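*Asks:* Build the 3D model from these lines:
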Amino acid sequence: MAGYSTKLGKCIQGDSLEILHTLSNNSIDLIITSPPFSLQRHKSYGEVAQNEYVDWLLQFGSIAHSKLKDTGSFVIDIGGAYQKGQPIKALYPFRFMIRMCDELGYKLAQDFYWHNPSALPTPIEWVNKRKIRCKTSVNTVWWFSKTNSPKSNIKNVLVPYSSRMKNLIERPQDFVKQEGTVRPSGHVMGMKSWAKNNGGAIPSNLLQISNSESNSQYLRYCKIIGIKGHPARFPLKLPEFFIKMLTDENDLVVDIFSGSNTTGQASECLGRKWLSIDFNLEYVASSVFRFADNVEMANQYFNEIMDKQDLLI
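*Replies:* Predicted coordinates:
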């Protein structure tokens, strides 16, 4: 099977449905992926096409359920779209979410939203030309779990305190005017509530991560070797966030639509075992650029994988 292996993981070309079947039950700690939106039946986005797309995605969800550990999670970045020829949003991301839970038994652990500040103003017809819609810059990211108690630790994804919060921790008496203040939520807050430094702030479910890389090793090598890079890469920080929060070192992370293998790179850097699968041989071959030491090695690896070899790098 064409692909490559590293110290911790493996990227292979093939049918994800078939490969998932070969994995042991209760073996995966995290599946994180972003499905190819182009499969929405010729970009028609009609009612039937949307339902077919959801049916297609649910095949993977069905097999994955038995492969996940009871503490495992399934995270999917699923982009939205407009109905063809209409300034009306398609509902397939929400239909998929509901059917994953109602039909396959997943739990919706939490809904996340990935905000890409560098997103271009699309769709052009409604945003640029007619100026009747705001640009779309947020993707829905569903965090499903197999049970009510998936592995999760937000201490692994704390964000830096703001300068104001740092001042509040250091000198709460300058900010808290009255001990035992009752907040609108009903919580009673005193100076001790603010004085503890927990190492960072709890992140929200709105992840602001720019997707504007232009000079990564992957893209540089694509340009030098003359390969068209994967057109829909998600930024490294997106899978990194969920891998940190939902897994421990040596846990198994799987990406069933791996594309340029951002997930594999993030997993390798974080000391997780990983398996990445993509049906497109050129995507698999070019994704090795993320792991090559130099451009000459990258070119050699690429050609060998395109010859359907299985490499150990």
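
*Asks:* Helices of the stretch 51-200 of the chain, start to end?
*Replies:* Under the criterion DSSP state H, counting those that start in this stretch, helices of the stretch 51-200 of the chain are mapped to 92-102, 124, 163-170, 191-195.

*Asks:* Which one of those lies nearest to residue 274?
*Replies:* Closest to residue 274 of the helices of the stretch 51-200 of the chain, according to Cβ to Cβ: helix 92-102, at 22.8 Å. Just so you know, the C-beta spots here come from the backbone N, C-alpha and C atoms, and that holds for glycine as well.

*Asks:* Go ahead and flag the most central residue of the chain.
*Replies:* residue 239 (4.4 Å; Cα atoms, centre = their mean).

*Asks:* picking that back up, would you format the helices of the stretch 51-200 of the chain as CSV with mean pLDDT and mean neighbour count included?
*Replies:* Shown next, in CSV, are the helices of the stretch 51-200 of the chain (pLDDT from 0 to 100; neighbours: other Cβ atoms under 10 Å):
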stretch, mean pLDDT, mean neighbour count
helix 92-102, 97, 17
helix 124, 92, 11
helix 163-170, 76, 13
helix 191-195, 64, 14
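
*Asks:* part of a strand, is residue 254?
*Replies:* Yes. Assigned with DSSP: H, G, I helix; E, B strand; the rest coil, residue 254 falls within a strand.

*Asks:* From residue 294, how far out is it?
*Replies:* 29 Å (Cβ to Cβ, to the nearest Å).

*Asks:* Residue 150 too?
*Replies:* To residue 294, residue 150 is 40 Å away according to Cβ to Cβ.

*Asks:* Between those two, which is the more surrounded one?
*Replies:* Legend: neighbour count by other Cβ atoms under 10 Å for residue 150 and residue 294, higher for residue 150 (21 against 10).

*Asks:* my read: the more buried one touches residue 75, true?
*Replies:* No. With contact defined as Cβ atoms under 8 Å, residue 150 and residue 75 do not form a contacting pair (10.4 Å).

*Asks:* Now do the shared contacts for these two.
*Replies:* Contact with both residue 150 and residue 75 is made by residues residue 246, according to Cβ atoms under 8 Å, 6 or more residues apart in numbering.

*Asks:* care to break the chain down by domain?
*Replies:* Domain segmentation of the chain under automatic domain parsing yields 3-156+203-214+233-281, 160-201.

*Asks:* Output these in TSV, with distance to residue 303 appended to each entry.
*Replies:* Listed next are these as TSV, based on distance: least, Cβ to Cβ, whole Å:
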stretch	distance to residue 303
domain 3-156+203-214+233-281	12
domain 160-201	43
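
*Asks:* lowest-confidence helix or strand of this protein?
*Replies:* strand 188-189 (a mean of 60; mean pLDDT, DSSP states H and E).

*Asks:* Could you give the number of residues near the closest residue to residue 299 other than its chain neighbours?
*Replies:* Excluding its sequence neighbours, the residue lying closest to residue 299 (Cβ to Cβ, 6 or more residues apart in numbering) is residue 225, at 5.2 Å. Neighbour count for residue 225, taken as other Cβ under 10 Å: 15.

*Asks:* same question, residue 87
*Replies:* With other Cβ under 10 Å as criterion, residue 87 counts 13.

*Asks:* residues contacting it?
*Replies:* Residue 87 neighbours (Cβ under 8 Å, 6+ apart): 125-126, 130, 132-133.
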